[in-house]
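*Asks:* how does the following fold in three dimensions:
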Amino acid sequence: MRKLKLDELNRATIDEFKAQDKLPVAVVLDNVRSMHNIGSIFRTADGFAVEQVCLCGITAQPPHREIEKTALGATQSVNWAYFETPMQAVERLRANGYKIIAIEQAENSAMLNTFTPAPNEKYALIFGNEVNGVSDEVMRHIDACIEIPQFGTKHSFNIVVSAGIVLWDFFAKMTT
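*Replies:* Below is the predicted model of the structure:
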C-alpha cells in the first residue's frame, strides 16, 4: 500500500469549500478556554464541512497565532461568528431552524450510538467549557442532550476528541 501524496488528495480550495454543500450542523463552543482546542475544532469542522462554528463568551476568536497552530488555515474556510453569550447563539440558531443539542452527561441524555438525526433537520451541537461543561443556562434551553458512551475509569473526553466523535457520527448518519 502506498500513501497518497499531497497533490493526489484533490483538496478543495477555500472558494470551492465555501461553495460546496455543507453538513447541516453548527458547532457551538460554550466558553472554551484553550485556543489549541478552538483551532482543532475549526480543523475538524472543516474536515466534516459543517455549516458554521459559533464562538461564545471567553472562547477566543481568530485571527490568533495560538488558534492557527492547530487550525492550519481552517479559520479561513469555515464560517464562524462570535456571540457574547452562548444563549445569544442558541437563540439565533433556534430562530434559524436548528435543533439545539448539548453534548453533555446529563439526566435523560440519549447515547450517541442510539441517536438518529432526523432527515432534513439542522442541528446546533453545543460543546462546553473544558472544566464546567455546557453552561447551566444553556442546558435549560436545549431540545435534547447527547452523551458519548464511555467505559473506562475517566468520565470525560477532551473537547476536541468529543467533537471529532460526535461530528463523525452525525456525518456518517446524515450522509448515508
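
*Asks:* please, which helix or strand holds Phe127?
*Replies:* strand 122-128 (DSSP states H and E).

*Asks:* following the chain past that strand, name the next helix or strand.
*Replies:* That would be, after strand 122-128 and using DSSP H and E, helix 136-139.

*Asks:* residues contacting that following helix, please?
*Replies:* Asp30, Pro86, Met87, Val90, Ala102, Glu104, Ala106, Ile126, Gly128, Cys145 (C-beta atoms under 8 Å, 6 or more residues apart in numbering). Just so you know, the C-beta spots here come from the backbone N, C-alpha and C atoms, and that holds for glycine as well.

*Asks:* Ala102: neighbour count?
*Replies:* 27 (other C-beta atoms under 10 Å).

*Asks:* then the one 5 residues further on?
*Replies:* Glu107 sits with 5 neighbouring residues when counted by other C-beta under 10 Å.

*Asks:* likewise for Phe171?
*Replies:* 17.

*Asks:* and Thr116, by the same measure?
*Replies:* Neighbour number of Thr116 under other C-beta under 10 Å is 8.

*Asks:* returning to that earlier point: and the strand holding Phe127, how far from the chain's centre?
*Replies:* On the basis of C-alpha atoms, centre = their mean, to the nearest Å, strand 122-128 sits 6 Å off its chain's mean C-alpha point.

*Asks:* just the CA coordinates for that strand, please, in CSV.
*Replies:* C-alpha atoms of strand 122-128 as CSV (Å, rounded to 0.1, in the frame of the first residue of the first chain):
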residue,chain,number,x,y,z
LYS,A,122,-30.5,21.2,11.1
TYR,A,123,-28.6,20.7,14.4
ALA,A,124,-26.6,23.0,16.7
LEU,A,125,-24.2,20.9,18.7
ILE,A,126,-23.1,22.6,21.9
PHE,A,127,-19.7,21.7,23.4
GLY,A,128,-18.9,23.1,26.8
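
*Asks:* now the most centrally placed residue in the chain: which helix or strand?
*Replies:* Against the mean C-alpha coordinate of the chain, by C-alpha atoms, centre = their mean, the closest residue is Val27 at 3.3 Å. Assigned by DSSP H and E, Val27 belongs to strand 23-30.

*Asks:* mean confidence score for that strand?
*Replies:* Strand 23-30 comes out with an average pLDDT of 98.

*Asks:* what comes up buried for that strand?
*Replies:* Leu23, Pro24, Val25, Ala26, Val27, Val28, Leu29, Asp30 (16 or more other C-beta atoms under 10 Å).

*Asks:* gap between the helix or strand just after that strand and the chain center?
*Replies:* Next helix or strand after strand 23-30 toward the C-terminus (DSSP H and E): helix 35-47. Centroid displacement of helix 35-47 relative to its chain, using C-alpha atoms, centre = their mean, is 8 Å.

*Asks:* right, I'll leave it there.
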